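1. Quick one, what's the 3D model for this:
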Amino acid sequence: MIWRRNGQDAEAADAGWLAWRGWIGLLEQRVSVEGDDREDRRRKVLFTASAVAMLPAVLFWPGLYIAYGEYGAAAIPLSYAIFMAADFLILMRLRRFELFRNVQQFLILVLPFGLQLVLGGFVGGSAVILWAFIAVLSALLFGSPRVAGWWFLAYASEVVAAAALQPDLEVDNNLPHGLVTAFFALNIATVSLISFAVLHLFLTDRRKLRALEVAFLNQELALRQSEKMATLGTLAAGVAHELNNPAAATRRASEQLRDAIERFERAHVGADVPPLTLEGRELLQSLERPAREAAAGPGELDALERSDRETAVGEWLNEHGVADAWELAPSLVDQGLDLPALAKLADALEPEALAAVLVRAASAFPVYRLVHEIGEASGRVSEIVAALKSYSFLGQAPVQAVDLHEGLDSTLVILRAKLKDGVDVHREYSTELPPVPVYGSDLNQVWTNLLDNAIDAMNGKGTITIRTRRDGDWAVVEIEDDGPGIPEAVRARIFDPFFTTKEPGRGTGLGLSTSYSVVTEKHHGSIAVESQPGLTRFTVRLPLKVASVAAPNTLPADAPV
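-> The predicted model follows:
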């Protein structure tokens with residue numbers, strides 16, 4: 001039996017809870033409009049439910065006043081109950097919460113003032129006018145600060161009016177002194193409790209908002225760091241690829257150089273047997289300079305012309321009794337020896353000396369060429385390493401006078417792996433641009449983001465133009481591409497965090513946001529974009545004065561927009 005009764009109680013409690021939730025859901029549906037967030041809906045439901053919950057208490061007061069013969073005072077809370085019920089029914093019918101709230105605030109503001117006058121001032125009315133302050137709190141919760149200020153002014157004026165009229169009123173009423181004192185304490189305690197609840201709700205919301213802001217900032221910082229690491233990984237892969245090519249070329253050339261030197265040494269010994277005359281030695285030396293110059297050049301012959309010349313030189317060598325003619329012919333052609341030059345040598349040298357000189361010349365040229373290749377490849381490695389050092393500004397002060405052209409060039413070297421597939425870069429650098437006091441490493445991230453976006457926008461095919469100039473106390477850098485442009489619908493949002501037009505997985509939407517932050521907040525400059533099909537230009541303006549960079553986060557008054 002006990003179990004059955006407990007089960008019935010539980011079922012009743014569940015039914016009551018479901019009915020309460022259903023009523024709250026209906027109330028939320030009636031007071032909410034499209035666009036309200038969770039907090040807005042909660043506040044509206046709380047305000048409406050509180051107003052409805054006050055009805056029993058409001059109806060208790062008229063009965064109490066009637067019992068003690070205060071019929072005029074009883075009419076005031078009774079009027080409030082009637083107006084409030086009508087206002088609630090209108091809300092349920094029209095679903096206009098703002099109208100409901102404003103009517104409630106007006107009633108809460110005006111009716112305590114009337115009750116205070118009827119009961120005989122602050123003491124006789126138990127300071128019931130304090131209830132009017134609830135209208136100000138409601139305006140603070142739902143209205144703008146300006147509107148809430150007007151409500152507070154109305155409340156203050158009401159209090160002053162009540163104080164001014166109090167001497168002319170009859171202080172005594174039919175209510176017992178103990179009851180007036182109890183109501184006095186109850187009014188103060190209740191209004192203070194409501195004020196505390198409203199303030200607590202406000203502070204709780206502020207804490208939640210602050211926690212969300214902190215979480216958002218932490219997430220943004222983490223994503224920015226992730227974006228930097230992703231960019232670093234992409235750049236590292238590109239740099240590794242760029243370093244691998246010259247490193248592999250150096251290794252390959254060094255291996256070939258050993259064999260070339262051995263052949264050159266054997267040819268050198270052969271060139272002295274028989275001994276060369278003075279004229280022969282001079283002719284041999286005259287061949288070395290053109291050979292060194294030819295080794296440093298790419299060659300001017302196309303494949304067909306080169307093949308014809310090698311055939312002609314090989315046949316000429318065979319006719320003059322030079323051994324291994326077809327092996328020597330390519331090397332002699334590469335260093336620029338043609339049939340007229342060979343005929344001149346044949347006229348000046350004996351047949352045996354001619355063969356020795358040609359063998360030595362043919363064996364010397366691969367050495368010159370391989371040495372040049374090693375120098376070029378090692379120079380390329382040094383260039384990339386120097387660009388990396390300049391790009392990162394390792395071991396240097398955070399703020400320093402930087403040549404923007406060097407930063408742009410080092411960024412281009414870092415991005416060379418993406419540029420070489422079909423992107424032409426035109427540099428129009430101003431000679432009047434002085435060094436600029438900046439955070440060099442951070443600024444190079446800006447150039448990387450802008451250039452990388454331009455390359456992606458053109459799908460790796462097109463032209464990028466980089467311009468620099470001085471405009472008064474400002475350094476101006478323009479990065480322009482001839483891609484399809486940025487649609488006008490998204491142009492205003494490109495600097496927003498997490499906004500991206502790239503496919504999922506290709507971008508986080510933080511590149512341009514980070515660039516905007518670095519330029520505007522860290523350097524107190526400006527960054528703007530103009531775009532149309534075939535022309536997209538990002539313009540970065542940086543102050544030339546150190547004070548502008550080191551100043552607080554305010555844009556100088558003369559900064560162009």
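
2. And Ala454, how far from Val490?
-> 16 Å (CB to CB, to the nearest Å). No exception for glycine: its C-beta is placed from N, CA and C like everyone else's.

3. higher neighbour count, the two?
-> More crowded of Ala454 and Val490, by other CB atoms under 10 Å: Ala454, with 24 against 12.

4. and stretch 80-95, average pLDDT?
-> Averaged across stretch 80-95, pLDDT comes to 84.

5. now what about that stretch, what contacts it?
-> The list of residues contacting stretch 80-95 from outside it, by CB atoms under 8 Å, 6 or more residues apart in numbering, reads 30-31, 33, 48, 51-52, 54-55, 58-59, 62, 96-97, 99-100, 103-104, 107, 111.

6. Could you list which of these belong to helices?
-> 30-31, 48, 51-52, 54-55, 58-59, 62, 97, 99-100, 103-104, 107, 111 (DSSP state H).

7. Filter these down to the buried ones.
-> For these, a neighbour count by 16 or more other CB atoms under 10 Å gives the buried set as 30-31, 48, 51, 54, 58, 62, 97, 100, 103-104, 107, 111.

8. Kindly reformat those as JSON lines containing distance to Val147.
-> Formatted as JSON lines, these follow (distance: CB to CB, whole Å):
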{"residue": "Arg30", "distance to Val147": "23"}
{"residue": "Val31", "distance to Val147": "19"}
{"residue": "Thr48", "distance to Val147": "19"}
{"residue": "Ala51", "distance to Val147": "19"}
{"residue": "Met54", "distance to Val147": "23"}
{"residue": "Val58", "distance to Val147": "26"}
{"residue": "Pro62", "distance to Val147": "32"}
{"residue": "Phe97", "distance to Val147": "15"}
{"residue": "Phe100", "distance to Val147": "16"}
{"residue": "Val103", "distance to Val147": "15"}
{"residue": "Gln104", "distance to Val147": "15"}
{"residue": "Leu107", "distance to Val147": "17"}
{"residue": "Leu111", "distance to Val147": "21"}
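
9. Please name every helix or strand in contact with the helix or strand Leu408 falls within.
-> Per DSSP states H and E: Leu408 is located in helix 404-414. Packing partners of helix 404-414 (3 or more CB pairs under 8 Å, 6 or more residues apart in numbering; DSSP states H and E): helix 177-271, helix 351-392, strand 423-428, helix 440-457, strand 462-471, strand 474-481.

10. please redo it, this time with the cut-off set to 7 Å
-> helix 177-271, helix 351-392, helix 440-457, strand 462-471 (3 or more CB pairs under 7 Å, 6 or more residues apart in numbering; DSSP states H and E).

11. Give me the nearest residue to Leu137, chain neighbours excluded.
-> Val198 (4.7 Å; CB to CB, 6 or more residues apart in numbering).

12. looking at it, the one you found is touching Ser138, isn't it?
-> No. Between Val198 and Ser138 there is no contact under CB atoms under 7 Å: 8.4 Å.

13. Neighbour count for these two, which is higher?
-> Between Val198 and Ser138, Ser138 has the larger neighbour count (other CB under 10 Å), namely 24 against 17.

14. Quick one: residues contacting the more buried one.
-> Going by CB atoms under 7 Å, 6 or more residues apart in numbering, Ser138 touches 47, 101, 105.

15. Can you name the element that comes right after the strand or helix carrying it?
-> Taking DSSP H and E as the definition, Ser138 sits inside helix 133-142. Once the chain leaves helix 133-142, the next helix or strand it forms, by DSSP H and E, is helix 145-165.

16. Let's see that following helix as CSV, backbone CA atoms only.
-> Extracted in CSV, the C-alpha atoms of helix 145-165 (Å, rounded to 0.1, in the frame of the first residue of the first chain):
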residue,chain,number,x,y,z
PRO,A,145,20.9,52.5,-21.3
ARG,A,146,19.3,55.7,-22.6
VAL,A,147,15.8,54.3,-22.2
ALA,A,148,16.7,53.0,-18.7
GLY,A,149,18.0,56.4,-17.8
TRP,A,150,14.6,58.0,-18.6
TRP,A,151,12.8,55.4,-16.5
PHE,A,152,15.2,56.2,-13.6
LEU,A,153,14.5,59.9,-14.0
ALA,A,154,10.8,59.2,-13.8
TYR,A,155,11.3,57.2,-10.7
ALA,A,156,13.4,59.9,-9.0
SER,A,157,10.9,62.5,-10.0
GLU,A,158,8.1,60.4,-8.4
VAL,A,159,10.0,60.0,-5.2
VAL,A,160,10.6,63.8,-5.0
ALA,A,161,6.9,64.4,-5.7
ALA,A,162,5.9,62.0,-3.0
ALA,A,163,8.3,63.8,-0.5
ALA,A,164,6.9,67.2,-1.6
LEU,A,165,3.2,66.1,-1.1
